[in-house]
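K.L.:
Give me a 3D structure for the following:
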Amino acid sequence: MKSKSIALDHQNGIDALTLEESNKLVKVQRDILEIVVTGNDSQSALDSLCKITEDIVDNSIASIMIFNACRTELLVRAAPNLSHQACEDLNGLVPGEFSGSCGTAVYKGVPQFVCDTSTDERWKDLQKYVYDFNVHACWSMPIVDSNNQPIGSFALSSFSKREPNQFQKNLLQTASYLVSLVLRRETESIMLKQAAHYDALTNIPNRNLFNERIAHAMAKASRSGSSLAIFFIDLDNFKQVNDDYGHNVGDMVLQEVAFRLQKCIRREDTFARIGGDEFILLVENNEAVVELTWIAEKLQNALVNPIVLKGVGNSTNDDYQISASMGISIYPTHGLTSDELLECADKAMYIAKASKNSNIQFYSESESVRIEQ
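P.N.:
Prediction:
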């Protein structure tokens, strides 16, 4: 049975292929899709596709170039048999009418089959690359996204001057189609991971990711004999924001609070929203109470300036002063499990809320018993 992509190529000469060539195309698709569906990472699938294609077309090197995040230049995404220096020289290629085979394919959105790079106008500005890496022919097929917009190219470079036959053209088309599938799956996987591990409102880690991070951190701390701290952070009188301005404004306040507090933490620590106006912070490799106090004060200072609420209330801008109460627990002093540490930090936070002297409180068993009574 012919695969979908082969069937789509019926108008482009697929009938001219022999049964053996058609079977080769089907096998390429089957091999790469098997790598994808069995859970291997995208990079492995792209590297394998390059190697499989090179095995089919002798005297060639395959490469995959993809737009950077700004969609201004192309970067080598996969080229397992291309030298490091060749990849470095290709990185930053700007699509255009005379940008070699790959840059021109992306620029025009149509295949570019250059049979002699030394004389072809599309390669006139890349002659040093031709000389340095002995590239005499280069066939490139644009890779398109779900909206049929070019996002990169799949190319075969050759060490001899030659034209592609119909089978090789269809192989390039099949390869570019498979790359688009791999990249689409990669994007979907990233989006699913983002949804599963990050808070949709503030875009910071959620409880799921926090639980993963603290489990890893506690295992590491147990092996090394080090400690870690949990900060339980709860905004003061946040309900009043929702009551006075509505939940949309409340969401704006939560986003601003998350933004300010996240700027205060180290890269290796984890700051998460666990629901409502509650946040938690995991601080690793920190035993000194004075240093943890300094971190808490830094977080408090981030909220000193009022939050400007634009276009709400009776004026163009309203200023809202927000504050937070923080409870801190330390591993292993206050608990040996994440649940114990969170419970202790939560109790300390309520003690901080009840205190008239400070919004910061380290867990104390005696203080916790007094508050509960």
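K.L.:
all contacts plus neighbour counts: C-alpha atoms, from now on.
P.N.:
Will do.
K.L.:
Could you spell out which stretches of the protein belong to which domain?
P.N.:
Each structural domain of the chain that the record assigns through automatic domain parsing is listed here as a residue range: 4-194, 207-372.
K.L.:
Could you dump those domains into TSV with mean neighbour count added?
P.N.:
Below are the domains of the chain laid out as TSV (neighbours: other Cα atoms under 10 Å):
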stretch	mean neighbour count
domain 4-194	18
domain 207-372	17
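K.L.:
Any idea which of those domains gets closest to residue 200?
P.N.:
domain 4-194 (8.6 Å; Cα to Cα).
K.L.:
helices or strands next to the longest helix anywhere in the chain in the packing?
P.N.:
Using DSSP state H to define each element, the chain has its longest helix at helix 166-197. Packed against helix 166-197, as judged by 3 or more Cα pairs under 8 Å, 6 or more residues apart in numbering; DSSP states H and E, are the following elements: helix 4-8, helix 19-37, helix 42-56, strand 137-144, strand 150-158, helix 207-224.
K.L.:
thinking again about what came up before, what's the closest of the domains of the chain to residue 201?
P.N.:
The minimum distance between residue 201 and these falls on domain 207-372, with 6.9 Å, by Cα to Cα.
K.L.:
neighbouring contacts of the helix or strand harbouring residue 298?
P.N.:
Taking DSSP states H and E as the definition, one finds residue 298 inside helix 289-301. Residues from elsewhere that reach helix 289-301 (Cα atoms under 8 Å, 6 or more residues apart in numbering): 229, 261, 264, 286, 323-324, 326, 360.
K.L.:
Let me know the pLDDT of the spatially most central residue of the chain.
P.N.:
The centre of the chain sits closest to residue 190, judged by Cα atoms, centre = their mean, with a distance of 6.1 Å. For residue 190, the pLDDT comes out at 85.
K.L.:
ok, now residue 244?
P.N.:
Each residue has a pLDDT score; the one for residue 244 is 83.
K.L.:
for the helix or strand hosting it, the distance to its chain's centre please.
P.N.:
In this structure, residue 244 is located in helix 238-245 according to DSSP H and E. When C-alpha coordinates are averaged (Cα atoms, centre = their mean, to the nearest Å), helix 238-245 and its chain have centres 34 Å apart.
K.L.:
for it, packing partners?
P.N.:
Taking 3+ Cα pairs under 8 Å, 6+ apart as the contact cut, helix 238-245 packs with helix 247-262.
K.L.:
In terms of secondary structure, what does the helix it packs on contact?
P.N.:
Applying 3+ Cα pairs under 8 Å, 6+ apart, one finds that helix 247-262 makes contact with helix 238-245, strand 307-310.
K.L.:
Rebuild these as CSV, extending it with distance to residue 344.
P.N.:
As requested, the helices and strands packed on helix 247-262 are arranged in CSV below (distance: least, Cα to Cα, whole Å):
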stretch, distance to residue 344
helix 238-245, 22
strand 307-310, 30
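K.L.:
got any ranges where this protein has weak pLDDT?
P.N.:
Low-confidence regions of the chain, defined here as pLDDT under 70, cover residues 1-16, 36-40, 287, 311-317, 366-373.
K.L.:
if you set the cut-off to 50 instead, what comes out?
P.N.:
When the per-residue scores of the chain are filtered using pLDDT under 50, the ranges that remain are 1-15, 315, 369-373.
K.L.:
For residue 283, what is the enclosing helix or strand?
P.N.:
strand 278-284.
K.L.:
pretty sure residue 271 is in contact with residue 280, am I right?
P.N.:
Yes - in this structure residue 271 lies within contact range of residue 280 using Cα atoms under 8 Å: 5.9 Å.
K.L.:
Now do the helix holding residue 298: distance to the chain's middle.
P.N.:
31 Å.
K.L.:
Next: stretch 199-218.
P.N.:
Using Cα atoms, centre = their mean, the distance between the centre of stretch 199-218 and that of its chain works out at 16 Å.
K.L.:
which other residues reach it?
P.N.:
Contacts made with stretch 199-218 from outside it, assessed by Cα under 8 Å, 6+ apart, are listed as 196-198, 228, 251, 254-255, 258-259, 270-274, 282, 284, 331, 337-338.
K.L.:
can you rerun that using 7 Å?
P.N.:
Contact with stretch 199-218 is made by 197-198, 255, 258, 270-274, 338, as judged by Cα atoms under 7 Å, 6 or more residues apart in numbering.
K.L.:
How about stretch 220-240?
P.N.:
For stretch 220-240, contacts defined as Cα under 7 Å, 6+ apart pick out 277-287, 322-332, 341-342, 345-346, 349.
K.L.:
try 6 Å this time
P.N.:
277-287, 323-331, 345-346 (Cα atoms under 6 Å, 6 or more residues apart in numbering).
K.L.:
now do the same end-to-end measure for it.
P.N.:
41 Å (Cα to Cα, to the nearest Å).
K.L.:
Could you export the contacts of stretch 199-218 as JSON lines, including distance to residue 206?
P.N.:
JSON lines is the format used below for the contacts of stretch 199-218 (distance: Cα to Cα, whole Å):
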{"residue": "197", "distance to residue 206": "6"}
{"residue": "198", "distance to residue 206": "5"}
{"residue": "255", "distance to residue 206": "14"}
{"residue": "258", "distance to residue 206": "12"}
{"residue": "270", "distance to residue 206": "10"}
{"residue": "271", "distance to residue 206": "9"}
{"residue": "272", "distance to residue 206": "5"}
{"residue": "273", "distance to residue 206": "5"}
{"residue": "274", "distance to residue 206": "6"}
{"residue": "338", "distance to residue 206": "15"}
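K.L.:
Taking these together, which two end up most distant?
P.N.:
Farthest pair in the contacts of stretch 199-218, by Cα to Cα: 255 and 338, 26.0 Å.
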